[in-house]
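K.L.:
dropping the sequence and predicted coords here.
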Amino acid sequence: MVGRRRTCDHRAVWDIPDSAEKDRLGRLRVHLEAVQRIAGLGSWEADVRTDELTWSANVYRILGLPDTVEPSYARFLGAVHPDDRRRIARVHVDALEGRAAYSIEHRIVRPDGTIRHVHEEAIAEHEGGEVVRLLGTMQDITDEMVLTRNLVDTESRRRELLHRLVRASEHERAQLAGDLHDGPIQMLTVAAMRLEHLGMVESDTPDWLPDAVDTVRDTVVKLRDVLVELHPRAGAGAGLDATLTQLALTVVPDLDVRAEVDGETSDAEDRAVFGIVQEALWDVREGKPSRDLDIRVAAGDAGLEVVLTGSAEPGGSASDLLGRAGLLGVRERTEGFGGRCTAEAEDGTFVVRCLLPRLDRSAVGARG
């Protein structure tokens, strides 16, 4: 009740507001209810001592109840969604016992079965260290929840579309890389080998032949660099082992591949290893009997070691391995980085070992 306080015979007496003040209070109440209705917000008050509960008009609207219904905690709790009821009862008990105010979201079920999402906040008033009153608000946030869910769904669809576009782009890039390797790179590699052979077996060769061989070799190197750029990589921060695994499954989808990296590598070393492994995978893809490939990379102070292990052709030799087009590319890439490459073939297994100097080590440890 609102009024003016005065003292009479040592007793507190409240004057009843006059008609004008009653009108003003009435208008304020109407305005408050309008604001609450627009905001989807209701207020409530629980007197712990008298067990009296009062709801504003908008609490009734949110709960879907007529304003003739007598407010009670049992009626409110009965309106709470069954799956949320125990949680709500627990926070109310905590508030009554003075342990905490609360701010919580939950669902209510209206008499017609409609489910609404609400947000409640409550604070406690104390007297003599005891909770005497709870003051709270209830806001209908269903529309906001629906909007948020729609935004999440839209974002999910957008991400799925983006992933599909990325996958399609990666497939096209991988296909282009395969065509580039199987076509121009293979033909230029064979052409360079034949020109070199011609220079060795013929005594009378044109003066321009060595330059032509160098030009063809340089072109092959540049095209192989393009292959590295064309192939999709694993996500940023995924690591070289994940990138090599993804590369292997892109080039040879049914390959049984294992990739392991020991030590930290620089970006330049990652690119070098990527190119070497890529060349080995072309060899596997081109119909060789190996359907498995074990990739091990070890980065140490002495250098960078790449070991490729797989199934060898019956009766194959080490020289045969490094003479094959795909593994020839492995050797040439390794030597291009100042390293050396060796091969072993025994008991149906081949092992190609590539040793490289450390590349751009200043970048190691600066990533991530």
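P.N.:
It's in. Everything numeric here is computed off the predicted structure, so don't read it as measured data.

K.L.:
drop to CA atoms for contacts and neighbour counts, all remaining ones
P.N.:
Fine.

K.L.:
what are the ranges of the helices in the stretch 251-368 of the chain?
P.N.:
267-285, 318-323, 325-336 (DSSP state H, counting those that start in this stretch).

K.L.:
which parts of the first one are buried?
P.N.:
Along helix 267-285, these residues count as buried under the neighbour rule (16 or more other C-alpha atoms under 10 Å): 267, 269-285.

K.L.:
how about the strands in the stretch 51-200 of the chain?
P.N.:
52-55, 102-109, 115-127, 130-140 (DSSP state E, counting those that start in this stretch).

K.L.:
among those strands, which is nearest Pro210?
P.N.:
strand 102-109 (78.9 Å; C-alpha to C-alpha).

K.L.:
what is the closest one packed up against?
P.N.:
Helices and strands touching strand 102-109, by 3 or more C-alpha pairs under 8 Å, 6 or more residues apart in numbering; DSSP states H and E, are helix 82-96, strand 115-127.

K.L.:
ok, Met193 - how many residues close by?
P.N.:
The tally of other residues near Met193 (other C-alpha atoms under 10 Å) stands at 15.

K.L.:
measure it to Ala298 for me?
P.N.:
32 Å (C-alpha to C-alpha, to the nearest Å).

K.L.:
do the same with Arg340
P.N.:
According to C-alpha to C-alpha, Arg340 and Ala298 sit 15 Å apart.

K.L.:
so which of the strands of the stretch 51-200 of the chain is the most surrounded?
P.N.:
Counting by mean count of other C-alpha atoms under 10 Å, strand 130-140 has the highest mean neighbour count of those, with a mean of 20.

K.L.:
which elements pack onto that strand?
P.N.:
Using 3+ C-alpha pairs under 8 Å, 6+ apart, strand 130-140 sits against strand 41-47, helix 57-63, helix 82-96, strand 115-127.

K.L.:
that one pairs with which strands?
P.N.:
strand 41-47 (antiparallel), strand 115-127 (antiparallel) (DSSP bridges).

K.L.:
output the ones you listed in a markdown table; the columns should cover mean pLDDT and distance to Asp207.
P.N.:
Putting the strands paired with strand 130-140 into a markdown table (pLDDT from 0 to 100; distance: least, C-alpha to C-alpha, whole Å) gives the following:
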| stretch | mean pLDDT | distance to Asp207 |
| --- | --- | --- |
| strand 41-47 | 88 | 92 |
| strand 115-127 | 91 | 86 |
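
K.L.:
need those strands in JSON lines with distance to Asp254, can you?
P.N.:
As requested, those are arranged in JSON lines below (distance: least, C-alpha to C-alpha, whole Å):
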{"stretch": "strand 41-47", "distance to Asp254": "60"}
{"stretch": "strand 115-127", "distance to Asp254": "49"}
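
K.L.:
do I have it right that Val306 meets Val273?
P.N.:
Yes. Assessed by C-alpha atoms under 8 Å, Val306 is found in contact with Val273 at 7.2 Å.

K.L.:
how near is Val226 to Leu176?
P.N.:
For Val226 relative to Leu176 (C-alpha to C-alpha), the value is 10 Å.

K.L.:
what of Ser103?
P.N.:
Taking C-alpha to C-alpha, one finds Ser103 at 57 Å from Leu176.

K.L.:
do the same with Tyr60
P.N.:
Note on Tyr60: its distance to Leu176, by C-alpha to C-alpha, is 66 Å.

K.L.:
same thing with Leu65?
P.N.:
In terms of C-alpha to C-alpha, Leu65 sits 67 Å off from Leu176.
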